[in-house]
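Novice: I'll drop the sequence and a predicted model, then ask my questions.
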Amino acid sequence: MTAAEQTQLPDEPPQTRERRSAGPVSLHQFLAFGALIVVFAFFAVANGNFLTMNNVANILLAASVTGTLALGVTFIIATGGIDLSVGTGMTLCSVMTAVFATQEFIGLPMPVGVLLGVAFGALIGLVNGVNVAVLGIPPFIATLGMMMAANGLALVISDATPLYFTSVPGFGQIALGSIIPRIPNAVVIFLVLAVIAGVVLGKTLIGRYALSIGSNEEATRMSGVNTRSWLIRIYVLGGAFTGIAGVMMASRLNSAQPALGVGYELEAIAAVVIGGTSLSGGRGSILGTIIGAILMATLNNGLQILAVPQEWQKVAVGVVILVAVFADNVRRRREGRL
Amino acid sequence: MTAAEQTQLPDEPPQTRERRSAGPVSLHQFLAFGALIVVFAFFAVANGNFLTMNNVANILLAASVTGTLALGVTFIIATGGIDLSVGTGMTLCSVMTAVFATQEFIGLPMPVGVLLGVAFGALIGLVNGVNVAVLGIPPFIATLGMMMAANGLALVISDATPLYFTSVPGFGQIALGSIIPRIPNAVVIFLVLAVIAGVVLGKTLIGRYALSIGSNEEATRMSGVNTRSWLIRIYVLGGAFTGIAGVMMASRLNSAQPALGVGYELEAIAAVVIGGTSLSGGRGSILGTIIGAILMATLNNGLQILAVPQEWQKVAVGVVILVAVFADNVRRRREGRL
Amino acid sequence: DDGGGEGAGAGGGGGGDGEQPYVAIISKGFQHQFWQTVNQGAEDAAEELGARMTFDGPDTESDVEQQLQQLQTALSGNPDAVGFAALDSEASIPILTQIDGQGIPVVAFDSGVESDIPVSTVSTDNYAAAAEAAEHMIELTDGSGDVAVVCHDQTSLTGIQRRDGFVETIEEQPDMQVVDVQYGGGDQLQSTNITKSILQANPDLAGIYGCNEGSAIGVVNGVREQNRAEDLAVIGFDSGQGQIDAINEGIMDGAITQDPYQIGYQTVETAVAAINGEEVEETVDTGYFWYDADNMDDDEIARALYE
Amino acid sequence: MEPHGEHHPPGGSGHADAPLLEVRSVSKSFPGVKALDDVSLDLHPGEVLGVCGENGAGKSTLMKVLAGLHMPDPGGQVLLDGRPAVLHGAKDAIEAGIAIIHQEFQLVPDQTVAQNIYMGRERGRLLIDDRRQEREARELLRNLRIDIDPARQIRDLTVAQQQMVEIAKALSLDARILIMDEPTAALTQTEIETLFRLIRDFVSPTTGVIYISHRMPEIKEITDRVTVMRDGQHVGTVATSEAEVGQIISMMVGRSLSTDERPPARRIGEPVLEVEHLHTRDLVRDVSFMLHRGEILGFAGLMGAGRTEVARAVVGADPATGTVRVNGREVSIRNPADAVAHGIGYLSEDRKRYGLLLDQSVRNNIALSSLRSFTNPLGLIRERGIAAQAREKVDALRIKTPSVNQIARNLSGGNQQKVILARWLARDCDVLIVDEPTRGIDVGAKDEIYALLNELADQGTSVIVISSELPEVIRLSDRIAVMCEGRITGVLEAGEATQERIMELATLYRSEAMGVRP
Ligand SMILES: Nc1ncnc2c1ncn2[C@@H]1O[C@H](COP(=O)(O)OP(=O)(O)OP(=O)(O)O)[C@@H](O)[C@H]1O
Ligand SMILES: Nc1ncnc2c1ncn2[C@@H]1O[C@H](COP(=O)(O)OP(=O)(O)OP(=O)(O)O)[C@@H](O)[C@H]1O
Ligand SMILES: [Mg+2]
Ligand SMILES: [Mg+2]
C-alpha cells in the first residue's frame, strides 16, 4: 500500500468495518496490551511509588472484582447481547451469601454458603436467559429490568443495612488471604477464573455457540443447534461469574454492602470492549478482557497516585478509552482486516 | 393465524425475531400505551390523590427532561447506535449555559446564553458523531468515553460547585413558568419538541436515513447516501436535544448541578426501548418514546404516592419494564409481525 | 389545592386527611444506613405521636432533580407538614415557596435551607463536626505530618462541609498539610482502592480521614490491606458496625457520629408540633459526638451509634 | 420423527415402493399471503427431482417446511419412507436425514470453514478438537475436490466459495435427502460442473435430491423429473427427458415466452465513463475501459476474476487508485454517494448485504436512492409520491408482493432482487452498473429485465452488466470485457463474442478456476 493510497481511503462506514473485521483472536489484544504497557510506563516514570511489587498487587486486586464480572460479560457480549445487571446482581449475591452463611441468618457452613451465593448468581443469569431467549425481551431491557430489581431486592433483603461476616471465620481470607505470598487470593482467583473462561470460550461448545450465535444466530440454529437452550446456559454461566464476584466483593469488604453496585456494569462492559470483544457479537477474547480490566484499574490507580484531581481523572479515563479503541481500529485497518 | 400455530412455533431465536419484526410504526406504540393506561388506572383506583390535574402535571413535568433526552436518543438508536453520554452531557450543557448566561461568568443575554447552551449539546453530538462515523469507534464506547469526559468537564468547569442563575432574571421561567395555565412550560416544550422530532424522524431525510442506516448501513451507503456525513448530522441532532434538556434542567433547578446526570442515560434509553424502538436499529417511534418516558414517570410517581418503600419501588419498576416489553413482543407475534 | 382526595371508592387507603396528621419526609438518600436510621427515628416519633409519615430520597446525593421531583410528588399526597433535607437549598426555593404558599409547614433537617420558609431546622453542624475530627487528628499526630481525605462526594453540602471543616482546621497547623483529597462516591470498594493508592503515593502519611460511612469503611479496608494500622491515625465519620469493629480492632482511632435517630425523631416531632400550631424552635441541634475505644460504651454515646 | 400408527402399518411399508419423501396437501399461510396452497410432491429413491416456478411460487417456503423451519398449516402431511414425520426445528430435519442448502447462506461469518462444517456436531470429547475438525474438513474438501482452506474465516471467502462450503457441509451430514435451493445462483460454469459431479456421486438407491433452479439448461441436465409450481400450487410433474424446456416454462408462467434473440445493434454515442489504470490493493491490476452513451458493456470472467472489485472501486465503495472521467471530466469518487452524484449507480451482487433494508417496506426500499427528489421545499417527504412510484415499479417489474408496505424480508429471493433493481430504475442514472442482475430471477422475469436494460440503453443510459452467465452477457452486451486475475484480458465486439472465445480470455493466466479444482 502506497502512502498516496492511504490518504485516498474512501469513507467506509465504521460499523460495517467493525463487523467485517475478524481474524485470529490472539492478534486483537495486541493493542490493548500496548496501551497497557504505555500507561504503565508513563506512570512508572511519573511517580516513583507506582512501580512497586506492592502497588502492582494492588492494581491486580482492584481489577479482580470488575475483572471477574467482565469475564462473565464477555460471554454475553459474544452472543451479541449485553448484561447491565452484573453490578447490582453482584451486590444481591453478596447479600444472599450473607443470608446463607452468617449466623444472624441461616448460618450454613461457609463453603456451602459461598456455593449457594454463586448459585444465586447463576439463578439471576437463568432469569435473564429465560427473559432473553424464551420471552424474547431484548437483552438490554431484560438486564436493565434485572439491574433495577436486583438493586431493590438487595436493599429489601438486607433491610438496607450492611451485613457483616464477623460470625463467619475465614470468610475474609477468600479474597484477602495469600496462598501465594504477597499476592491476595482474589487476584489468584481472578486469574484462575480467567484461564477457565478462556478455555470455555475457546474450546467448549458453550463458548463456541456463544460466538456462533453472536455471529449469525439463524445459521447456528439451522445447523441443528438449539440456540434457545444454549443462550440460557450462556446467561447462567455469566450469572455464575456475577455470583463469584459477589462473594469476592463480600469477602474483600467482609460484609455485604447492599447499596453498592450501580456503575460496575459499565466498567465491566468497558473492560470487555477495550479488550477487543465486539459489541455486535461473534468475536470475543478473554485475554483481551483481562487486559482491559487491568488497564482500567491501572489508570485509576496511577491517576490517584499522581494525585490528579478526581474530575480530571474522569476526563482522562474517558479519553484513554477512546484513544485505545481508536488506535485498535487503526491497527486492524492497517492489517487489512477492515 | 390459528391458536394451534402459536403453540407450535418452532424455536425461533428471539433476537432474530426482534430484528425481523417491523411494520408501520403507528402500531408499535399500542402496547406501551396500553401499559400506560393500565398503570394509570391502577394508581387512580389505588389512591385518590393520584388522578388530580395537579399530579398529572407533575408526572408530565417529571417526564419532560428525561423525555427530551429520550427524543434525541431515539434518533441515535434508530441508526443502530447508542448514546450513553446524554446524562452527563446534559449536565455539561447546564454548566455551559451557566457559563454563557450568568453574570459571574460571561453574562450574555439570556436567549443567547440558552442558544449557546443548546449549541454546546450539538457540539458534544458532533464529537460523538465524528468518533463513531469517521474514527470508527463503536457507539457504545465512543459515548461511554464522552460520558466520563463530560462528567469530569462539568466538575472542572464549575469547580465542583453548583452554578446559580440568580443573576439571570426569568431563567427559571423557561421550565417552570406557565404560558398555558397550570401546565409548566417544560411540559409544553417537551411536547412541542416531540412533535418536531416525530416529523423529523418520519418525514425528513435525516430521519429516514437514520432508519435506513440502522436497517442496513452498507446498503444505504451503496444506494448513494453519504452515510458518514448523515451519521454525524444525526449525532449532532441528538446532541441538540441533550443541550435543550440541559437548559430545561438548569432552569428547573435554577442552577447547574455539576455532579448530576449519571443514570439519566439508562432511563432515557429505557424510555426509548419501552416505546418500541429496536436497539438493533432500523425501527423507531417518537410517539412510543413519549409514552415510554411518561410510563416511567408515572410509575415513579404512583409508587411514591402509594408510599411503597423505595427499595420495592425499584423492584416494581424493573418488573414493569420487563412485562411491558414482553407483552409488546407477544402482541407483535400475534399480529404475525415476528 | 387541598382537599383533593375524594376517597376514590374501593381503595380509600390514601387520603385519610382528617384523622391523622401526615408528614412527608424527603431525605437525601435511602440506601445508606445513616438515612435508614433517620427513617427509624422518624417512624418511632410518628408512631408515638399518632402521625402518619412517608420517607423517600434520591438514589445519590448528587441527584438534586430527583429529589425535587420526589418533593413535588409528595405534595400530591396532601401532607400536613413536610420534612426536607435539601441537597441544594437554593435550587429548592421555588418549590418550597409553593409549599409555603399552600400553608404547609416545612421542617428542614440534616442541613439547613437558606431561606425563612422552614419553621425549624433540625441538624448537625457538619462543619464543626469535621473540625472536631481535625482536632483529634492533630492530637493523634502530635500536630505534624501529612494527612489525606477520602470523601464521598465533592458537590453535596455535607460532603463539602465535612471536607472543608477538616481541611481548613488542619491547614491552620504550621506543620500539617492535607496532601490529597479524593472522592469515592461513598462506595466502600472504590474508597478502599483510593485509600491504597493514597498510601502508595504517600508512604510517610501520618493520618487519613473518611468523610462518611462508606468512605470511612473504605479507609479502614485500605489501611488494613496495606498493613498500615500501626503508624497511621485513622478517623472516620458516622457510625455503623464496620467502624465500631475497626475501633475495637484498633485500626481506627475514632470517629465523629451524628445522631441520625434523633434527627429523624426530632424532625417529626417538630413537624407535628407545627401542624398543631405550637411554637417551635428555629433550630434544633441534634449534636455530634467524638467516639473512640474509651467512650464507646458510654450511655450517651452508645445511644447515638447504630450498627 | 413421530410414527403415526393409525393409518399406516408400522415399520416397513416396503422401502421399495414407498417414496423417500412425500408431501401431501401441504399449505402454508403468512399474514396476507398464502405461500403454499395444497401442494403435493414426491421424491423417489435414486432420483433428482427438479422444482421450478416463478419467483414467489413457493419453492423456498416448501423447502423450509421440509427443513423444519416453518410449521405447515394443519391438514398437510410430510411422509418419510411412507411414515408421517413431524419436523420441529432444524435438528429434527437433520436427524431425519434431510440436508438443505438454503437460498440465503446460512454460515457463521466469524468462524472458519471447518468450524462451520461441523457446527452442531463438533469433534472432540470434553474440549472441541479444532485441529481434528480442520483435518477432517480438509479431507472432506479434498474428497469433494473443492479447493478451499478449511482454516479460513467464512467472511474472507467469496460468495461462490461460501456456496461451496454450504455444499460441502450439507454433503458431510450423510443425509439421505439433499435439498438444494438455487445452489448455482452464485456459481460460474466450472463450479457448476463440480456441483453436478457431486450430485451424481451422491445419488444412490437409498438417497434422493431436490434441486431448485431457474436455469433451464441445468434442470435439463441434472434432473430426472421436474415438479412445477405456480402461485403456491403444484401445477404438474413431468419426466425431464420427455419435456421440452418451452413446455416447462409455459407451465411455470402460464404463457409462452419469446425466444432468446439479440436485438439489432444500437447506435452508440460519445464516451460517458472512462476508467484508466485502476488498481486496488488486493486484486485489480491496471484496469482501463471506456463506456459510451447508450452502450451495454458486459463484464465476463470466472469467479474471483475481479469484476465486482472493479465495479466497487469505480463507485468508491473500496479504496483504489486510478483516474475516472465522467463525460470527459476527471472526477474524484471517494464513496458511492459521490458516484451517484456523478450519475453512476451500482447494483450489488450481494443483495442481502449491500442491497436490501430487510426490515423496511418495499416502498422504502425502492425509494432509498431517490428519496431526495420526494422532498418538498420545507424538506418534508411526500409519502404519496413515494407510494405512487413504488406501485408503478411493482407493476412494471411484476414484483410479487401483497402491497408496497410489505416488509422486504418476506419477499421471495427473486422478488427482492427486483426491488433493488426498481430502486435504481427510480433514480435515473447515466451509468448503471448491474452486478449479477438476474441472480435468482425466474426465466420469465429475466426476459423482462433484459428488455428493460435494452430499453434503458436505447434511451441513452449506459449500462455495465457483470454476469457469470455467459449467454446472458452475450445476449445483452454491445461489447464484452473479459477479466482474468484482476486484469482485462480482452474486449470483444458483440459479433465476435462466443462462449469459447470468452472462456479462452477468462482463463488466460491460469488453467483452473480459483476455489475449485477440476
Ligand atoms: N415469512 C414470510 N412472511 C410473509 N410472506 C412470506 C414469508 N416467506 C415467504 N413469503 C411469501 O411467500 C411466497 C413464496 O415465497 P418463496 O420464497 O417460497 O418463493 P420462491 O418460489 O422460493 O421464489 P424465488 O424463486 O424468488 O426464490 C412469496 O409471495 C413470499 O413473499
Ligand atoms: N479476500 C477477500 N475477502 C473478502 N471478500 C472478498 C475477498 N476477495 C473477494 N472478495 C469479495 O468477493 C466478491 C467477488 O470477488 P471478485 O470481485 O474478486 O470476483 P468477481 O469477478 O466479481 O466474481 P464473482 O462472480 O464471484 O462475483 C466481491 O464482493 C469481493 O469484494
Ligand atoms: Mg426461493
Ligand atoms: Mg462478482
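Specialist: Okay, I see it. Ligands and ions are numbered 1, 2, ... in the order given.

Novice: Check the separation of the first and last residues in stretch D:85-99.
Specialist: Stretch D:85-99 has an end-to-end distance of 15 Å (C-alpha to C-alpha, to the nearest Å).

Novice: which residues sit against that stretch?
Specialist: Contacts with stretch D:85-99, where a contact means C-beta atoms under 8 Å, 6 or more residues apart in numbering or on different chains, come from A:221-226, B:8, B:10-11, D:1-2, D:21, D:65-69, D:71, D:78-80, D:100, D:120, D:170-171, D:173-179. The C-beta positions use only the backbone N, C-alpha and C, and glycine is treated the same way.

Novice: Give me the buried positions along that stretch.
Specialist: Within stretch D:85-99, the residues scored as buried using 16 or more other C-beta atoms under 10 Å in any protein chain shown are D:85, D:87-94, D:96-99.

Novice: Can you tell me which of those residues end up in strands?
Specialist: Using DSSP state E, the members of those that fall within strands are D:85, D:98-99.

Novice: is chain A contacted by stretch D:132-142?
Specialist: No: judged by C-beta under 8 Å from any C-beta of the partner chain, stretch D:132-142 stays clear of chain A, getting no closer than 10.5 Å.

Novice: Tell me the confidence at the closest residue to ligand 1 within chain C?
Specialist: Among the residues of chain C, residue C:59 lies nearest to ligand 1; the distance is 44.4 Å by C-beta to the nearest ligand atom. We have a pLDDT of 87 for residue C:59.

Novice: ok, and the closest non-adjacent residue to residue 240?
Specialist: No chain was given, so I picked chain A. Leaving aside its chain neighbours, residue A:240 sits nearest to residue A:122 (4.5 Å; criterion: C-beta to C-beta, 6 or more residues apart in numbering or on different chains).

Novice: that answer is for a different chain, and I need it for chain D
Specialist: Residue nearest to residue D:240 in three dimensions, not counting chain neighbours: residue D:223, with 4.9 Å by C-beta to C-beta, 6+ apart.

Novice: Make sure that neighbour is actually in contact with residue D:48.
Specialist: Yes: counting by C-beta atoms under 8 Å, a contact exists between residue D:223 and residue D:48, whose distance comes to 4.8 Å.

Novice: Pull up the overlap in contacts between these two.
Specialist: Listed as contacting both residue D:223 and residue D:48 by C-beta under 8 Å, 6+ apart are residue D:211.

Novice: now the ones in strands among the buried residues of stretch D:85-99 as TSV including distance to ligand 2 and pLDDT?
Specialist: Shown next, in TSV, are those (distance: C-beta to the nearest ligand atom, whole Å; pLDDT from 0 to 100):
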residue	distance to ligand 2	pLDDT
D:85	37	90
D:98	29	94
D:99	24	93
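
Novice: Near ligand 3, list only the ones from those.
Specialist: With C-beta under 5 Å from the ion as the criterion, no member of these is in contact with ligand 3.

Novice: closest to residue D:477 among those?
Specialist: residue D:99 (38.0 Å; C-beta to C-beta).

Novice: what does chain D have sitting close to ligand 3?
Specialist: In this structure, chain D approaches ligand 3 at residues D:60, D:103, D:412-413, judged by C-beta under 5 Å from the ion.

Novice: where along chain A do the helices fall?
Specialist: A:3-8, A:14-20, A:25-46, A:53-78, A:86-101, A:110-129, A:139-158, A:173-176, A:185-203, A:205-222, A:227-253, A:264-274, A:286-305, A:310-334 (DSSP state H).

Novice: Take those and lay them out in CSV including mean neighbour count and mean pLDDT.
Specialist: As requested, these are exported to CSV (neighbours: other C-beta atoms under 10 Å in any protein chain shown; pLDDT from 0 to 100):
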stretch, mean neighbour count, mean pLDDT
helix A:3-8, 10, 34
helix A:14-20, 20, 33
helix A:25-46, 17, 77
helix A:53-78, 26, 95
helix A:86-101, 30, 97
helix A:110-129, 22, 97
helix A:139-158, 25, 93
helix A:173-176, 20, 92
helix A:185-203, 19, 96
helix A:205-222, 25, 94
helix A:227-253, 27, 97
helix A:264-274, 27, 91
helix A:286-305, 26, 93
helix A:310-334, 20, 79
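
Novice: just checking, residue C:218 is part of a strand?
Specialist: No: with DSSP: H, G, I helix; E, B strand; the rest coil as the criterion, residue C:218 is located in helix rather than a strand.

Novice: Report pLDDT for it.
Specialist: The predicted local distance difference test score for residue C:218 is 94.

Novice: Next up, the contacts around it.
Specialist: Taking C-beta under 8 Å, 6+ apart as the contact definition, residue C:218 lies against C:150, C:184, C:187-195, C:210.

Novice: any idea whether the closest residue to residue D:99 other than its chain neighbours is helix, strand or coil?
Specialist: Once its chain neighbours are removed from consideration, residue D:99 has its nearest residue in residue D:175; the separation is 3.5 Å (C-beta to C-beta, 6+ apart). For residue D:175, the reduced secondary structure class is coil; criterion used: three-state DSSP.

Novice: Ok, the one 3 residues further on next?
Specialist: Three states are possible here, and by three-state DSSP the one that applies to residue D:178 is strand.

Novice: Which pLDDT value goes with it?
Specialist: Looking at residue D:178, its pLDDT reads 95.

Novice: What strand or helix carries the residue lying closest to it once chain neighbours are set aside?
Specialist: Sequence neighbours aside, residue D:209 is the residue nearest to residue D:178 in space, at 4.8 Å (criterion: C-beta to C-beta, 6+ apart). Counting by DSSP states H and E, the element that carries residue D:209 is strand D:208-212.

Novice: Please spell out which residues along the helix or strand following that strand are buried.
Specialist: Scanning the chain past strand D:208-212 towards its C-terminal end, the next helix or strand to appear is helix D:216-222 (assignment: DSSP H and E). Neighbour-count burial for helix D:216-222 flags D:216, D:218-220, D:222 (criterion: 16+ other C-beta under 10 Å).

Novice: do the same with stretch D:18-38
Specialist: D:18-23, D:26-29, D:33, D:35-37.

Novice: Need the max-distance pair from these.
Specialist: Using C-beta to C-beta, the two most remote members of those are D:18 and D:33, lying 32.6 Å apart.

Novice: And residue C:166, how far from residue C:32?
Specialist: The span separating residue C:166 from residue C:32 equals 20 Å under the rule C-beta to C-beta, to the nearest Å.

Novice: hang on, the earlier thing: turn the contacts of residue C:218 into TSV, columns for pLDDT.
Specialist: As requested, the contacts of residue C:218 are exported to TSV (pLDDT from 0 to 100):
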residue	pLDDT
C:150	96
C:184	89
C:187	89
C:188	90
C:189	90
C:190	90
C:191	93
C:192	93
C:193	91
C:194	92
C:195	94
C:210	96
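
Novice: Out of the residues you listed, which are close to chain A?
Specialist: Answer for those near chain A (C-beta under 8 Å from any C-beta): C:187-189, C:192-194.

Novice: Sort out for me which of those residues are in helices.
Specialist: C:188-189, C:192-194.

Novice: Could you dump these into TSV and include distance to residue C:286 and neighbour count?
Specialist: As requested, those are exported to TSV (distance: C-beta to C-beta, whole Å; neighbours: other C-beta atoms under 10 Å in any protein chain shown):
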residue	distance to residue C:286	neighbour count
C:188	26	27
C:189	30	22
C:192	30	29
C:193	33	27
C:194	30	29
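
Novice: Which members of those additionally contact ligand 4?
Specialist: Near ligand 4, by the rule C-beta under 5 Å from the ion, you find none of those.

Novice: CA atoms only for the helix or strand of chain D with the lowest mean pLDDT - export them in PDB, please.
Specialist: Between all helices and strands in chain D, the lowest mean by mean pLDDT, DSSP states H and E belongs to helix D:245-253, at a mean of 84. Extracted C-alpha coordinates of helix D:245-253, given in PDB (Å, rounded to 0.1, in the frame of the first residue of the first chain):
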ATOM      1  CA  VAL D 245     -37.900 -26.500 -21.900                       C
ATOM      2  CA  GLY D 246     -40.600 -24.500 -23.500                       C
ATOM      3  CA  GLN D 247     -43.200 -26.800 -22.000                       C
ATOM      4  CA  ILE D 248     -41.800 -26.400 -18.500                       C
ATOM      5  CA  ILE D 249     -41.600 -22.700 -18.900                       C
ATOM      6  CA  SER D 250     -45.200 -22.300 -20.000                       C
ATOM      7  CA  MET D 251     -46.300 -24.500 -17.100                       C
ATOM      8  CA  MET D 252     -44.400 -22.100 -14.800                       C
ATOM      9  CA  VAL D 253     -45.600 -18.800 -16.200                       C
END
